[in-house]
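Engineer: My questions are about this predicted structure, shown below with the sequence.
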Amino acid sequence: MGKRKKGRPAPTPAHGQEPVVQPVVDATDESPADAAPDTAPESTPAASVEPTVEPTVEPTVEPTVEPTAEPTPAPEPTPEPTPEPAAGQAEVAPASSLAAAADDDPAESAGPAAPETGTSRVPVEGRAAWTRLVRMSRPRATRANVLGALLAVLLGAGIAAQVQLTNQRGLDELSQTDLVRVLDDISLRSSRLDQQVRELEATRDRLKNGTGTAAEALEQAQKRVDTLGILAGTLAAKGPGITLRISDPTNAVTGPIVLDIIQELRDAGAESIDVGGVRVVASSFVGDRDGEILVDGVQVPRPLVIKVIGDSKTLSSAMTIPGGIVESVRQKGAEATVTESSLVEITSMHRPTEMTHAKPVE
């Protein structure tokens, strides 16, 4: 059944003409569900028109309007067009459409939403990212993590052991060339010492037998005094040898390292040693104070210069041998250079101390 628009009066028949009632049919048929609530309130205006119609006259329908419309499919969710209101009447939307709109968009029915700024979600997303990062950075006691930690520990121990072995490697790890050079140095030193022993024994025999003269005896005595004076550091010395220069900008070379250098030089046959202008003798000591090196209590300047008198080849080989002094100093971050020379002069002297308890045996 079609709906009659509100506020439009029924047409008045002309004089001598039977009144004709034309039912108003909307352009779009409504579903029974939508038409049900509207038929009840519109029954009252229709009753006011019925007294003007004779009971014998049947209502006619215009040809353009089909009295029996076929059922149409359910309306789409989009709002249906509403009929134009009459003059002086406000446009009223159907209650069903308002209800559907309220159900579809509850946010609009509640009121206008606050404008969304471009940075409103940034703090939330940032906190979420930091939360995920903290969660991922937490250590997990998984098999892979335990295995990785174990491998890292083993690798570190292996590297430390390799470094220690490199620093403390001995003759077993030297190449054949280095071993031959060391053997030659030892043989040369042994031959020189044997020669000195033979000369001294021959001199002793001549003096005992009385075959030598007084001048020869005096000469031998003077040589003995000179030798003892050089060893005691009471006389200046000159001869072939080497000069060891150590540049140490970080002061990594300390007193114990200098003491090791002196011991290596003595083992290589050094006859006289001067460290930074201080004569080194059997009673000399080396120490540290405020990052500086002290020899017999005297501070030596940097870069450190060590003069040595002895066989230059043997001394140089002892310093530059793999795993020797030069390599050890370079591992500390310093630089060591060895210069061989045919003439090295040592002018520094050691002040002898008087013997209080020791006396010569007659």
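Structural biologist: Right, received. Where do you want to start? Model, not experiment: these values are computed from the prediction.
Engineer: CA only for contacts and neighbour counts going forward, please
Structural biologist: Will do.
Engineer: Just give me the longest helix of this structure.
Structural biologist: In the chain, assigned by DSSP state H, the helix with the most residues is helix 176-209.
Engineer: Skip ahead from that one and say which helix or strand is next.
Structural biologist: Scanning forward in sequence from helix 176-209 by DSSP states H and E, the next helix or strand is helix 214-232.
Engineer: I would like the residues contacting that next one, please.
Structural biologist: For helix 214-232, the external contacting residues (Cα atoms under 8 Å, 6 or more residues apart in numbering) are Thr203, Leu207, Leu235, Ala236, Ala237, Glu271, Ser272, Val281, Ala282, His350, Pro352.
Engineer: any idea of the angle that helix forms with helix 176-209?
Structural biologist: In terms of direction (axes from the mean of the first three to the mean of the last three Cα atoms, to 10 degrees), helix 214-232 departs from helix 176-209 by 140 degrees.
Engineer: isn't Val253 right up against Ala336?
Structural biologist: No. If you go by Cα atoms under 8 Å, Val253 and Ala336 don't touch, sitting 10.7 Å apart.
Engineer: So for Glu264, what's the pLDDT?
Structural biologist: Looking at Glu264, its pLDDT stands at 90.
Engineer: 293 is where my numbering starts, stick with that
Structural biologist: In the new numbering, first residue 293, that becomes Glu556.
Engineer: Which strand or helix spans it?
Structural biologist: Glu556 belongs to helix 547-559, assigned by DSSP H and E.
Engineer: helices or strands up against that helix?
Structural biologist: strand 578-581, helix 604-612 (3 or more Cα pairs under 8 Å, 6 or more residues apart in numbering; DSSP states H and E).
Engineer: rewinding a little: please, a PyMOL command that selects the buried ones among the contacts of helix 506-524?
Structural biologist: Filtering those down to the buried ones (16 or more other Cα atoms under 10 Å) takes a single PyMOL command:
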select buried, resi 499+527+528+529+563+564+573+642
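Engineer: Out of the contacts of helix 506-524, which sit inside helices?
Structural biologist: The helices, defined by DSSP H, take in Thr495, Leu499 from the contacts of helix 506-524.
Engineer: Now for the contacts of helix 506-524: which two are most distant?
Structural biologist: By the measure Cα to Cα, Leu499 and His642 form the most distant pair in these, at 32.1 Å.
Engineer: just for the protein, where's the confidence low?
Structural biologist: Residues of the chain meeting the criterion pLDDT under 70: 293-418, 431-433, 456-466, 502-505, 654.
Engineer: still on that earlier bit, report the buried residues of the helix holding Glu556.
Structural biologist: Gly547, Ile549, Val550, Leu551, Ile553, Ile554, Glu556, Leu557, Arg558.
Engineer: which residues sit against that helix?
Structural biologist: Ile565, Val578, Gly579, Asp580, Ile585, Leu586, Val600, Leu607, Ala610, Met611, Ile617.
Engineer: Type out the ChimeraX command that picks the buried ones from those residues.
Structural biologist: The buried residues among those can be selected in ChimeraX (16+ other Cα under 10 Å) with this line:
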select :565,578,579,585,586,600,607,610,611,617
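Engineer: any chance of the contacts of helix 547-559 in JSON lines, plus distance to Ala449?
Structural biologist: Converted to JSON lines, those look like this (distance: Cα to Cα, whole Å):
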{"residue": "Ile565", "distance to Ala449": "40"}
{"residue": "Val578", "distance to Ala449": "34"}
{"residue": "Gly579", "distance to Ala449": "33"}
{"residue": "Asp580", "distance to Ala449": "32"}
{"residue": "Ile585", "distance to Ala449": "34"}
{"residue": "Leu586", "distance to Ala449": "36"}
{"residue": "Val600", "distance to Ala449": "40"}
{"residue": "Leu607", "distance to Ala449": "36"}
{"residue": "Ala610", "distance to Ala449": "31"}
{"residue": "Met611", "distance to Ala449": "30"}
{"residue": "Ile617", "distance to Ala449": "26"}
